[in-house]
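Colleague: only geometry, no sequence info:
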């Protein structure tokens, strides 16, 4: 009978070496998709994607691959990690928020993680990293003069919290919204944001995320960006929970006929669009899931938040592999997109036209 | 008696249950609404001044009053005076939550 003499640390090192070997073989085969470099056995250098964006399937796939590698490196193998932003050219709010959320979560779970970064060549990307707090998370002290920031960067604001408390979003964020929107739109966006928080806290973390990272069930965190750019206010909010496609079909606390109701609704959509259709189902029949008719109205309010914002407004909900987007002037019942890769959580993005603000 | 939500409770009301956060519908109901309804014949609730109201907050605060079983919807609608000059639709929304909960509990 073989006896295992290896300590957990030695076993972890062996496993890590094998993982890195597999990665490098895969990377050699797919030279275009090389997303990591192995600088030394003891540390891992991860090359950040060129674009941080969730809408385009290619850039989304690369970002999600990168985030998976980041989780493995920090949590599973507990290796020093260096993120190389040298080739990063553009950071969109959706992809950037996902990176901030993943990194913030990992560093709350592994506070002593040895993490650093290589700064980007692109000055705007450097500014974004600083403005949204990523440089601080990555323990990098290279700071630019904030007064010189590009107008596309200086209005980015960040907030995070773990309960439904809008006071966790600082007054300057609310005030900056008040300054550029009508009272009706302001109140509507407030409602959308707080209902998104309520959904994250009450529904997103009811089961494990299944990403191999053990997390306290009590940490029901959300992350948020707001940004005023080119005459629009962009608000993005996300959680790293189980996502709507996993939470909606749950039979716990559901009405007896819920499974049949849901499968009847989903049968109207092609199977490859299943997860996107789940988001639509949550919007349209989600309130009938429990025998408590007062529940399940929040997602509808999240989408309806833009209805008073005029024709140029848009709301997008990304949840796991699915996405739903609605522009009031294009299609009121929304547009569905199914992706190959899952963001493992839910990200909501509002875009509303606002009055011009002086930079 | 009157309750000014923004001044006496919070400018940022949100969430359903006390476990959700400090300014939830349940917290508003138990700290301000129920004591006011118990001690006064008529209670005026002023909604202006807060940043906004989500359905979770309003439903739990007002629909929750019916679920408590202390007052019927008719009694509540007679006792409550709802005021929202900035957004009058809030008052209609509150009334619908009270009426919906009454019809649900009475089948």
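Modeller: Done, it's in. For clarity, every value in this text was computed on a predicted model and none was experimentally measured.

Colleague: for the stretch 51-200 of chain A, what spans make up the helices?
Modeller: Listed from the start of the chain, the stretch 51-200 of chain A has helices (DSSP state H, counting those that start in this stretch) covering A:57-71, A:93-109, A:123-131, A:134-137, A:151-154, A:171-178, A:183-199.

Colleague: Need the contact partners of the third one.
Modeller: Pointing back at helix A:123-131 there. Counting contacts by CB atoms under 8 Å, 6 or more residues apart in numbering or on different chains, the residues outside helix A:123-131 that touch it are A:85, A:88-91, A:96, A:117, A:119-120, A:134-135, A:138, A:140, A:142-144, A:146, A:149-150, A:152-154, A:156. C-betas here are computed from N, CA, C, even on glycine.

Colleague: Next: the fourth one.
Modeller: Surrounding helix A:134-137, the residues in contact under the criterion CB under 8 Å, 6+ apart are A:96, A:99-100, A:103-104, A:107, A:115, A:117, A:128-129, A:141-143.

Colleague: Turn those into JSON lines, columns for neighbour count and pLDDT.
Modeller: What follows is the contacts of helix A:134-137, written out as JSON lines (neighbours: other CB atoms under 10 Å in any protein chain shown; pLDDT from 0 to 100):
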{"residue": "A:96", "neighbour count": "25", "pLDDT": "97"}
{"residue": "A:99", "neighbour count": "22", "pLDDT": "98"}
{"residue": "A:100", "neighbour count": "21", "pLDDT": "97"}
{"residue": "A:103", "neighbour count": "21", "pLDDT": "97"}
{"residue": "A:104", "neighbour count": "18", "pLDDT": "96"}
{"residue": "A:107", "neighbour count": "16", "pLDDT": "94"}
{"residue": "A:115", "neighbour count": "21", "pLDDT": "95"}
{"residue": "A:117", "neighbour count": "21", "pLDDT": "96"}
{"residue": "A:128", "neighbour count": "27", "pLDDT": "96"}
{"residue": "A:129", "neighbour count": "29", "pLDDT": "96"}
{"residue": "A:141", "neighbour count": "6", "pLDDT": "89"}
{"residue": "A:142", "neighbour count": "10", "pLDDT": "87"}
{"residue": "A:143", "neighbour count": "10", "pLDDT": "88"}
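
Colleague: now, which of those residues sits nearest chain B?
Modeller: Compare each of these with chain B using CB to the nearest CB and the shortest gap goes to residue A:104, at 19.5 Å.

Colleague: correct me, but the closest one touches residue A:160?
Modeller: Yes. Under the contact definition of CB atoms under 8 Å, residue A:104 touches residue A:160, with a separation of 6.6 Å.

Colleague: Output the below-cut-off pLDDT ranges for chain B.
Modeller: When the per-residue scores of chain B are filtered using pLDDT under 70, the ranges that remain are B:107.

Colleague: Point out the residues in chain B that sit beside chain A.
Modeller: Residues of chain B found near chain A, taking CB under 8 Å from any CB of the partner chain as the criterion, are B:10, B:12, B:14-16, B:20-24, B:51-57, B:59-60, B:63, B:86-87, B:97, B:100-101, B:104.

Colleague: Among those residues, which are located in helices?
Modeller: In this view, the residues of chain B next to chain A that belong to helices under DSSP state H are B:55, B:56, B:57, B:97, B:100, B:101, B:104.

Colleague: Widest-spaced pair of the residues you listed?
Modeller: The widest separation within those, taken as CB to CB, falls between B:57 and B:104 and amounts to 18.8 Å.

Colleague: between the two, which one's more packed in?
Modeller: For the pair residue B:57 and residue B:104, the greater number of neighbours falls to residue B:57 (31 against 15), based on other CB atoms under 10 Å in any protein chain shown.

Colleague: and that one, what does it touch?
Modeller: With contacts taken as CB under 8 Å, 6+ apart, residue B:57 has the following neighbours: A:194, B:13, B:14, B:15, B:16, B:24, B:25, B:28.

Colleague: Now do the SS call for residue A:21.
Modeller: helix (DSSP: H, G, I helix; E, B strand; the rest coil).

Colleague: buried sites along the helix or strand harbouring residue A:9?
Modeller: Of the helices and strands defined by DSSP states H and E, residue A:9 is found in helix A:8-29. Buried positions in helix A:8-29, judged by neighbour count with 16 or more other CB atoms under 10 Å in any protein chain shown: A:13, A:16, A:19, A:20, A:23, A:27.

Colleague: now the second one, nearest residue through space, not along the chain?
Modeller: Spatially, and ignoring its direct neighbours in sequence, residue A:16 is nearest to residue A:77 (4.0 Å; CB to CB, 6 or more residues apart in numbering or on different chains).

Colleague: Tell me how far that neighbour lies from residue B:48.
Modeller: Here the distance between residue A:77 and residue B:48 works out to 55 Å (CB to CB, to the nearest Å).

Colleague: Also residue B:78?
Modeller: With the distance defined as CB to CB, residue B:78 ends up 23 Å from residue B:48.

Colleague: Assess the claim that residue A:90 and residue A:52 are in contact.
Modeller: Yes. The pair residue A:90 and residue A:52 qualifies as a contact (CB under 8 Å) at a distance of 7.3 Å.

Colleague: on that earlier part again, generate a ChimeraX selection restricted to the buried subset of the residues of chain B next to chain A.
Modeller: This is the ChimeraX syntax for the buried subset of the residues of chain B next to chain A, where burial follows 16+ other CB under 10 Å:
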select /B:10,12,14,15,16,20,21,22,23,24,51,52,53,54,55,56,57,59,60,63,87,97,100,101
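
Colleague: of residue A:90 and residue A:52, who's got more company?
Modeller: When residue A:90 and residue A:52 are compared on other CB under 10 Å, the one with more neighbours turns out to be residue A:52, at 26 against 16.

Colleague: contacting residues around the closest residue to the more buried one other than its chain neighbours?
Modeller: Once flanking residues are discounted, residue A:52 sits nearest to residue A:95: 3.0 Å by CB to CB, 6+ apart. Taking CB under 8 Å, 6+ apart, we find residue A:95 in contact with A:49, A:51, A:52, A:53, A:54, A:59, A:60, A:63.

Colleague: can you list these in JSON lines and add pLDDT?
Modeller: Below are those laid out as JSON lines (pLDDT from 0 to 100):
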{"residue": "A:49", "pLDDT": "98"}
{"residue": "A:51", "pLDDT": "98"}
{"residue": "A:52", "pLDDT": "98"}
{"residue": "A:53", "pLDDT": "97"}
{"residue": "A:54", "pLDDT": "97"}
{"residue": "A:59", "pLDDT": "97"}
{"residue": "A:60", "pLDDT": "98"}
{"residue": "A:63", "pLDDT": "98"}
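
Colleague: wait, which of those is closest to chain B?
Modeller: residue A:54 (25.4 Å).

Colleague: count of residues packed around the residue lying closest to the closest one once chain neighbours are set aside?
Modeller: Nearest in space to residue A:54, with sequence neighbours left out and distances taken as CB to CB, 6+ apart, is residue A:94 at 4.5 Å. For residue A:94, the number of neighbouring residues by other CB under 10 Å comes to 23.

Colleague: With residue A:42 instead?
Modeller: The burial count assigned to residue A:42 is 9, neighbours taken as other CB under 10 Å.
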